[in-house]
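Visitor: Generate a structure from the sequence data that follows.
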Amino acid sequence: MAFTSTSQRGKHFAQTRRHAYGHVQAGAWLQAEQALAALAPDQRFGAHDWVVLATARFQLGKLEDAHAAALRAMAIEPHNPMAAHILTMSLMHQNRWAKALPVFERFSSGPARQHYPFVVNHGVTLAALTQPQEAVAVFLEAMVLEMSDPAIHMQLGLALKDMKLYQESAESFLTAWTLEPQRFTAQIMVLHMRQHACQWQGFDEACEGLAQSLARTQADGSARGEGAVWALAAIPHPPLLFKASARDVALKSARGAQPLPRRPVPACGERRIRVGYVSADFHNHATALLFVEALEKRNTEAFEVTLYSHSPNDGSPVEQRIRAACERFVDMRAMSAQQMARQIHADGIDILIDLKGQTFGNRLGVFAHRPAPIQATFLGFPGTSGADYIDYVIGDRWVTPLEHAEHYTEKIAQLPHSYQPNDSQRRRLPPGTAAGTRAHWGLPEDALVMGNFNQSFKLSPQTFDAWTRILKAAPRSVLWLLEDNPQATHNLKLAAAERGIDPARLFFAPRVPVDVHLARLPAADFMLDNWPCNAHTTASDALWMGVPMVTLMGDSFASRVAGSLLHAVGLGELACTRAEDYEATAIALLDDAARLHALRRHLVDGQAAFPLFDGARFARDLEALFERMVERERCGSPPDHLVADASA
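Guide: The predicted structure follows:
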């Protein structure tokens, strides 16, 4: 009888196992997972079975369970390459890059290195851990296995970008685009990398080609939502096509997301309103540097704030300040989007704010799970998120006028002054420091110095053409630029010579700590802005240090930022709307020392009173906007445009 019982159990195990593998072949992952999990306690359940169970769980989004099953497989067969593959996949999808890397290193040779996806994932992991040079070597190893996959050339391009080898990066993206002409992201990245290098040959034709490709993908439904929307901000484009591209990415980010149960916001006076901010930039980053004082000056009796961070910890003063300013700080680096959303939902957040938008490393997928009843995007990206699961975009009358509402998937929520917060407590070097002198930076003492400290990708041939015409109109003038990367410096000098300007009239400033950068700004007479992507933090830095700026406002959020800042310090006359006026304004300033002096005195003397530099005022204005959002939710009203009071 015992033999019969054992035999029957064996037949049952074999039969159930066959059925389970049938579900696997049919892609019925739920049934496969249930059947295999039922067999798992049996000692006959081998390493291959654990791998298949891990795969089923991975396909179902059960990442922690997939990880556990893969570990069981490796406990039986420590050198099983497929177990290693699914183990690393489960870790990568939880953003646990540091845990995945030792697994790849353990399988640095042997059959696993013949498995193309495994090798690619090793490179992706190295890149995510900011080891681009090592990633390049692994991507080249993967190319030996599969040269014709456009994706590997995309990955190589990204790693080369992180090494600031922009022209080489452009060539990698060009290869990907050549292999797959419909790959819009490759096309845009070719141009974007050339912008980083200030390699502008064929720029207008490339921009036109991008617009045509984007329109085609929308018309034929071939859009893939791969990303790189942020690159469009610095490229001339129709705003509605920008919105469509952002929407494609947002839809891809939302795949597989299931909205969590909707919770009501608290009744008036029931408890504090809970606000959560999601970002990878709660460290020494422009977002934290701008926003820290507003968080410190907020109303702690009415609002409770949690920071949901997927950023590295750098121990910087601003990181310490921003953590101390809020009730809770939650490290979510090792969580998937679903895990993050569940945690936020369990925390009872009423208003969830995205501080990344369509920038690299965002977690838009968290918002697709609808963990909070009110969701908005703010500060981190100058444009629409493209997501129908984001209710509001927070801007102001200048960057997000209601006439541009069709450019956004969100409803516009306007702050009364500038959308950009600032820190009035930022550290300054003592007066008279050498960093504040022209001699320290090699600038001629008797020259008229026009400055621009933006990253090189924001520069365009149209902007540079305008600058060279201004230089020609004022022979004593020079241009002071950021030395962003050697390729850009070299190409900018060539571009100047091609336009009849002596390259010696271009001066380049190295990257330095923020306090040193601030100290050097007044060595410039005024700043020249770029378009279509304006200066953002670099603009408010200049205004803070008493240096005026001339800008050109366009139709996009990104092209209207400096105009917003200028209006918030009472210098709206320097925000031009035509290129001819931009040039004429700059030339007039170069020829009018008295006016230039008056503008600088205006900024210095009025600094304490300007809304742009009043952190407490900004905090009140932002919280008033939050209260309007909450009140609509309490009344059961859908999100709608929240217009700023023009008299504020």
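Visitor: Give me the contacts around the one helix or strand L494 maps to.
Guide: If you go by DSSP states H and E, L494 is part of helix 486-498. With contact meaning CB atoms under 8 Å, 6 or more residues apart in numbering, helix 486-498 is reached by 164-167, 196-200, 456, 459, 461, 464, 468, 481, 483, 502-503, 505-506, 508. Backbone N, C-alpha and C define where each C-beta goes, glycine included.
Visitor: got it, and stretch 592-611?
Guide: Applying CB under 8 Å, 6+ apart, the set of residues contacting stretch 592-611 is 416-418, 525-526, 543-544, 546-548, 568-571, 574, 588-589, 613, 617-618.
Visitor: can you do 10 Å?
Guide: 415-418, 422, 424, 448, 522, 525-526, 542-549, 565, 567-571, 573-574, 588-590, 613-614, 617-618, 621, 648 (CB atoms under 10 Å, 6 or more residues apart in numbering).
Visitor: Stretch 423-437 too?
Guide: 288-294, 296-297, 317-318, 321, 440-441, 443, 445, 512-523, 540-541, 544-545, 607-608, 610, 612-616.
Visitor: picking that back up, centre of the chain versus the helix holding L494, how much separation?
Guide: Distance of helix 486-498 from the chain centroid (CA atoms, centre = their mean, to the nearest Å) equals 28 Å.
Visitor: and stretch 212-230, average pLDDT?
Guide: Average pLDDT, stretch 212-230: 80.
Visitor: what about that stretch, distance to the chain center?
Guide: The chain centroid and the centroid of stretch 212-230 are separated by 19 Å, computed with CA atoms, centre = their mean.
Visitor: For the strand or helix carrying A176, list every residue counted as buried.
Guide: Per DSSP H and E, A176 falls inside helix 166-179. Neighbour-count burial for helix 166-179 flags 166-177, 179 (criterion: 16 or more other CB atoms under 10 Å).
Visitor: next structured bit after that helix?
Guide: helix 184-196.
Visitor: Could you give the separation of the next helix or strand after that next one from the chain centroid?
Guide: Using DSSP H and E, the helix or strand that follows helix 184-196 in sequence is helix 203-220. Distance of helix 203-220 from the chain centroid (CA atoms, centre = their mean) equals 23 Å.
Visitor: same check, this time on stretch 84-93
Guide: Worked out by CA atoms, centre = their mean, stretch 84-93 lies 25 Å from the chain centre.
Visitor: repeat for stretch 184-191
Guide: On CA atoms, centre = their mean, the centre of stretch 184-191 falls 17 Å from the chain's centre.
Visitor: Pull out the buried members of the contacts of stretch 592-611.
Guide: Buried among these (16+ other CB under 10 Å): 415-418, 422, 448, 522, 525-526, 542-549, 565, 567-569, 571, 574, 589-590, 613-614, 617-618, 621.
Visitor: shouldn't G546 be in contact with L521?
Guide: Yes - if you go by CB atoms under 10 Å, G546 and L521 touch, sitting 8.2 Å apart.
Visitor: among the contacts of stretch 423-437, which are in helices?
Guide: 288-294, 296, 317-318, 321, 514-520, 540-541, 544, 615-616 (DSSP state H).
Visitor: Start and end of stretch 422-430, how far apart?
Guide: End-to-end distance of stretch 422-430 (CA to CA, to the nearest Å): 21 Å.
Visitor: and A608, how many neighbours?
Guide: 8 (other CB atoms under 10 Å).
Visitor: Distance check, it against A616.
Guide: A608 sits at a distance of 12 Å from A616 (criterion: CB to CB, to the nearest Å).
Visitor: A223 now?
Guide: As judged by CB to CB, A223 and A616 stand 44 Å apart.
Visitor: who's more crowded, those two?
Guide: A223 (20 against 14).
Visitor: elements contacting the one helix or strand L307 maps to?
Guide: Using DSSP H and E, L307 sits in strand 303-309. Applying 3 or more CB pairs under 10 Å, 6 or more residues apart in numbering; DSSP states H and E, we find strand 303-309 packed against strand 273-279, helix 286-296, helix 317-324, strand 328-331, helix 337-346, strand 351-354, helix 615-634.
Visitor: from the chain's centre, how far out does the third one sit?
Guide: Read that as helix 317-324. Centroid separation for helix 317-324 versus its chain: 21 Å, with CA atoms, centre = their mean.
Visitor: now swap in the first one and tell me
Guide: On the basis of CA atoms, centre = their mean, strand 273-279 sits 18 Å off its chain's mean C-alpha point.
Visitor: Return the angle between stretch directions for that strand and helix 337-346.
Guide: 160 degrees (axes from the mean of the first three to the mean of the last three CA atoms, to 10 degrees).
Visitor: What separation do you get for the spatially most central residue of the chain and A286?
Guide: The centroid of the chain falls nearest to T359 when counting by CA atoms, centre = their mean (2.0 Å). The gap separating T359 from A286 is 11 Å, by CB to CB.
Visitor: What's the separation between D314 and D281?
Guide: The value you get for D314 to D281, if CB to CB is used, is 11 Å.
Visitor: of these two, who's got more company?
Guide: D281 (24 against 14).
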